[in-house]
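> coordinates for the following, if possible.
(one chain, ligands or ions: 1)
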Amino acid sequence: MKLSVFPDYRMLSERASDEIIHLVKEKPTGVLCFASGDTPRLCYQLMVEKAKAAKIDFSAMSFVGLDEWVGIPPSNEGSCHFFLDNLVLRHLNFSSANIHLFDGLSADPKGECRKMDQFLHEKGGIDLMLVGVGMNGHIGFNEPGISSHYYSHIVELENTTTSVGQKYFKEATVLKQGITLGLKHLLETRKVMMLASGSKKAPVIKKALEENISDQMPASIIRTHPNSKVLLDEEAASMLRS
Ligand code: F6R
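Sure, this is the predicted structure:
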């Protein structure tokens, strides 16, 4: 795991966006997997600007969403689907056949997991996964205690996740379950970037990077990945020892 600390959120986002552009140039048939949420917002905006300016072709790239709230439709602006479509997908020339997002409204959530795993299997796995870190240390919706042996699965969300998650919605929204790629996907991804910004993330970053690697702190698993980068701003890194 390589750790980089940047003076501020903009510089962190600049670097992360450059990493994405680099991957697409290097492997125009690659597979991207992005988290939604506040942390990568600026990274995606910068990435889209850079991709447009350099006329980068996404037509042979594939894209999967990391996770989704169960029961929330794609038209709801708090959904991961809405977020990724709005910030990334509709600005770039992905082919719709190469995009796979979880359907939070599916009547068959387990089948939805199988479809995602099958899609990724057919595409040969993920080249670059970009993740954030939850206030409880989750990655995607892999909540504390989850085994790292799962591919896609349905999760009962912790109270921290359902209450913090309200920030994405215009009105109070009942959130109970998530559907997410598993940590096994993360471990099998060729390159993983984990981003964290702001002092509120400092305690969880300290636990993830300096305490035991454990299922209780899913973000700590990034340290076992052979090609992972953790990008922090100074505030998120402020509790680290060195
Ligand atoms: C969202 C996701 C979550 C977020 C995490 C941090 O798709 O996978 O794990 O990355 O909850 O969210 P923010 O970036 O809003 O602090």
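
> Provide a list of residues in contact with the residue nearest in space to the middle of the chain.
Nearest residue to the geometric centre of the chain (C-alpha atoms, centre = their mean): Ala35, 2.3 Å. Taking C-beta atoms under 8 Å, 6 or more residues apart in numbering, we find Ala35 in contact with 66-67, 130-132, 140. For the C-beta atoms, the positions are set from N, CA and C on the backbone; glycine is no exception.

> Asp85 touches Pro74, doesn't it?
Yes. The criterion here is C-beta atoms under 8 Å, and Asp85 meets it with Pro74 at 7.3 Å.

> re the thing from before, the residue nearest to the centre of the chain and the ligand: what is the separation?
To the ligand, Ala35 is 4 Å away according to C-beta to the nearest ligand atom, to the nearest Å.

> next helix or strand past the host helix or strand of Lys25?
Applying DSSP states H and E as the criterion places Lys25 in helix 9-26. Downstream of helix 9-26, the next assigned helix or strand under DSSP H and E is strand 31-34.

> helices and strands around that next one, which ones?
Counting contacts by 3 or more C-beta pairs under 8 Å, 6 or more residues apart in numbering; DSSP states H and E, strand 31-34 packs against helix 9-26, strand 62-65, strand 128-131.

> which residues touch that strand?
For strand 31-34, using C-beta under 8 Å, 6+ apart, the contacting residues are 20, 23-24, 40, 44, 61-66, 84, 88, 120, 123-130, 181, 185, 189.

> just the buried ones from these, in PyMOL syntax?
With 16 or more other C-beta atoms under 10 Å as the criterion, this PyMOL line picks the buried residues out of these:
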select buried, resi 20+23+24+40+44+61+62+63+64+65+66+84+88+120+123+126+127+128+129+130+181+185+189
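
> in the helix or strand harbouring Leu120, which residues are buried?
Element membership of Leu120 [criterion: DSSP H and E] is helix 109-123. For helix 109-123, burial by neighbour count (16+ other C-beta under 10 Å) applies to 109, 112-113, 115-117, 119-120, 123.

> restrict those residues to those near the ligand?
Contacts with the ligand are made by none of those, judged by C-beta under 6 Å from any ligand atom.

> now for those, which pair is the farthest apart?
Using C-beta to C-beta, the buried residues of helix 109-123 reach their maximum pairwise distance at Pro109 and Lys123, which is 21.4 Å.

> near the ligand, which residues of the chain?
Neighbours of the ligand within the chain, by C-beta under 6 Å from any ligand atom: 35-39, 66-67, 80, 131-134, 138-140.

> okay, and which of those map to strands?
Counted as lying in strands by DSSP state E, out of these, are 67, 131.

> filter the residues of the chain next to the ligand down to the buried ones.
Listed as buried from the residues of the chain next to the ligand are 35-37, 39, 66-67, 80, 131-134, 138-140; burial here means 16+ other C-beta under 10 Å.

> and of those, the nearest to Tyr9?
Scanning those for proximity to Tyr9, where the rule is C-beta to C-beta, the winner is Thr39, at 8.7 Å.

> and that closest one, how far from Met239?
If you measure Thr39 against Met239 using C-beta to C-beta, to the nearest Å, the figure is 17 Å.

> got it, and Lys123?
The value you get for Lys123 to Met239, if C-beta to C-beta is used, is 38 Å.
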